[in-house]
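Enquirer: coordinates only, sequence not included:
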């Protein structure tokens, strides 16, 4: 499949049209196409599809969980990270499995190349280069009918997925300079934002930013602390990790280190001297920025007692000298950027190849969405990514794959798939957005998931791939590998419970903190004496011998986690079962909350404004107390009697 350039006067029709070629758009388009929907992806430039406009890194704490869940549905992000990753690390490796997070520093060129290659392999996908100018609606504006491009071409569609990133009324700030742009060098989507006004959507303004890029040849890395990746000399782990469940044994690109340096008091003095020309402090920026990832001037202002902040010097690729200084995002004037960068150890002679900047953009309140990511206002219109108030490639990709799935399912007349909070981080992300909204750019953390011991990154496939297969997303190769892993895990778990000595099962041995899966045979020989041979004959390791080379380590991990955390896992599963009955209890769309006796006026107003779909969603709205939930439950029982 090749990208198309459409001329005015032409007209096409598709089942699903996706607007935007970023991380949300590519996942949405690929998922819809895999489900058999005739899909079009509209992008300004084919060459920019899959661009990593900020740091070329994938994953991290919480974010890595989302990437693994995308991969469990045969999404693109994890496979692209494996193909492009030039440094891999498992964060929180020394902590429990629920809070570990894989992260890959990627070559941004290789990453784009991988994403574009995956899309070109999709049979049902057409890529159209052009600017989406407006959404086309039915006469009564109740449902979407297509997209109009800037050249006047109409593209019909039964479902439309908007993944516009920072392009809706995007405005870049560098000191007092303001540049209308979706990202540096690319025009914003102003007309598209205007076409959605007046339809009942709640519009907001957010801000994000990026640091200046540096020429690595001008950096003195000998003054910095080296940070090797996992599997590299001096790094943790025996091998380089992989993201995709399909990728164990993959030939990664060349692996390279990152480096660490720090700001100092002189750096802080220079930054403070530029506050009078900073758009953050002169009122030029109206949008709210991410609290957990502030700009360097915001950090200096908020944490005035700190005399140093850490900076990660991360290479942007194998064929470029550009380095991403993670930790000094800024919108200060260019001359101030040059001065404060050169005050940092190792960067005394650093050359800035591109200045840092802040960007403001429009977003729509995600509380106007259903759990499928279809808007409540317009049927067939889906939003995914930063348009919903989130930040980050991983959050965007996660929303994109859910929106793409449901856009295709709508065309096929099938019920939407809405992940639950107990099922996936995808469910936590979407439920947080549609119930609580986004007053600042939303980022995923493991702390947001109340059932995180069950929602580990290592078992994302065991939680979701079977669902993906039922929906039609999973091909034979992935399904076969998944089945072998699932069946081997269950078979060896049964053997662990069966093999015993002196009244102790192998499973109970494995529950002990000091015992690993690989220790079982050794412990048997050392501890059982003459009984060792009988024990070894039942050793569950035998089930791994004939497995695909990609599987034994993954199976061992599942068995160790299930054994060592069995009590906690059982308690969480019991809690989920208790909650499930009321969690999914639907709230009638015509329910008059003002008539519900026992609710406070504040609760009535909140429920009337938000119109939650289920009792579970209602319980998580700000200001909704357990007592209010009980009153609602009683009202629903009386109503159905």
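Expert: Yep, that arrived. Keep in mind the model is a prediction, meaning the values are calculated, not measured.
Enquirer: number of nearby residues for the nearest residue to residue 452 once chain neighbours are set aside?
Expert: Residue nearest to residue 452 in three dimensions, not counting chain neighbours: residue 98, with 4.6 Å by Cβ to Cβ, 6 or more residues apart in numbering. Every C-beta, even on glycine, is put in place using the N, C-alpha and C of the backbone. Residues within reach of residue 98, counting by other Cβ atoms under 10 Å, total 20.
Enquirer: I'd assumed residue 98 was in a helix, is it?
Expert: Yes - Residue 98 forms part of a helix when assessed by DSSP: H, G, I helix; E, B strand; the rest coil.
Enquirer: can you give me phi and psi for residue 447?
Expert: Dihedral angles of residue 447 (phi, psi; degrees, to the nearest 10) stand at phi -70, psi -10.
Enquirer: Please name the nearest non-neighbouring residue to it.
Expert: residue 62 (7.9 Å).
Enquirer: Kindly report the same for residue 622.
Expert: Leaving aside its chain neighbours, residue 622 sits nearest to residue 436 (6.5 Å; criterion: Cβ to Cβ, 6+ apart).
Enquirer: Identify the residues contacting that neighbour.
Expert: Residues near residue 436 by Cβ atoms under 8 Å, 6 or more residues apart in numbering: 367, 620-622.
Enquirer: Please convert the buried members of these into PyMOL selection syntax.
Expert: Of the contacts of residue 436, the buried ones go into a single PyMOL selection, burial set by 16 or more other Cβ atoms under 10 Å:
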select buried, resi 367+620+621
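Enquirer: Show me the longest helix that occurs in this structure.
Expert: Longest among the helix segments of the chain by residue count, using DSSP state H, is helix 476-498.
Enquirer: Would you mind listing the buried residues in it?
Expert: Within helix 476-498, judged by 16+ other Cβ under 10 Å, the buried ones are 478, 481-482, 484-486, 488-489, 492-493, 495-496.
Enquirer: Can you lay out those as JSON lines showing pLDDT?
Expert: As requested, these are arranged in JSON lines below (pLDDT from 0 to 100):
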{"residue": "478", "pLDDT": "96"}
{"residue": "481", "pLDDT": "93"}
{"residue": "482", "pLDDT": "95"}
{"residue": "484", "pLDDT": "91"}
{"residue": "485", "pLDDT": "90"}
{"residue": "486", "pLDDT": "93"}
{"residue": "488", "pLDDT": "88"}
{"residue": "489", "pLDDT": "90"}
{"residue": "492", "pLDDT": "84"}
{"residue": "493", "pLDDT": "87"}
{"residue": "495", "pLDDT": "82"}
{"residue": "496", "pLDDT": "83"}
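Enquirer: and of those residues, the nearest to residue 328?
Expert: Comparing these against residue 328 with Cβ to Cβ places residue 478 closest, at 40.5 Å.
Enquirer: looking at it, the closest one is touching residue 72, isn't it?
Expert: No - Residue 478 is beyond contact range of residue 72, at 9.2 Å (criterion: Cβ atoms under 8 Å).
Enquirer: Quick check: neighbours shared by these two?
Expert: With Cβ under 8 Å, 6+ apart, residue 478 and residue 72 have common neighbours 245, 465.
Enquirer: lowest-pLDDT helix or strand in this structure?
Expert: One helix or strand of the chain scores below all others by mean pLDDT, DSSP states H and E: helix 532-537, with a mean of 48.
Enquirer: Now do the contacts for residue 614.
Expert: Contacts of residue 614 (Cβ under 8 Å, 6+ apart): 583-587.
Enquirer: Dump these to TSV, plus distance to residue 135 and secondary structure.
Expert: Below are the contacts of residue 614 laid out as TSV (distance: Cβ to Cβ, whole Å; DSSP: H, G, I helix; E, B strand; the rest coil):
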residue	distance to residue 135	secondary structure
583	33	helix
584	32	coil
585	34	coil
586	29	strand
587	29	coil
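Enquirer: which among these end up buried?
Expert: 583, 587.
Enquirer: Out of the buried residues of helix 476-498, the closest to residue 209 would be?
Expert: Nearest to residue 209, judged by Cβ to Cβ, of these is residue 478 at 37.6 Å.
Enquirer: So for residue 64, what's the nearest residue that isn't a sequence neighbour?
Expert: In space, residue 64 is closest to residue 101, 3.7 Å off (Cβ to Cβ, 6+ apart).
Enquirer: and what of residue 582?
Expert: residue 615 (5.2 Å).
Enquirer: Report the two of the contacts of residue 436 separated the most.
Expert: The distance between the two most remote of those (Cβ to Cβ) is 11.8 Å, for 367 and 620.
Enquirer: Need the residues touching each of the two.
Expert: By Cβ under 8 Å, 6+ apart, the residues touching both residue 367 and residue 620 are 435-436.
Enquirer: Flag the shaky bits of the chain, pLDDT-wise.
Expert: 1-11, 248-249, 501, 521-551, 641 (pLDDT under 70).
Enquirer: 50 instead?
Expert: 6-10, 528-533, 535-536, 540-547 (pLDDT under 50).
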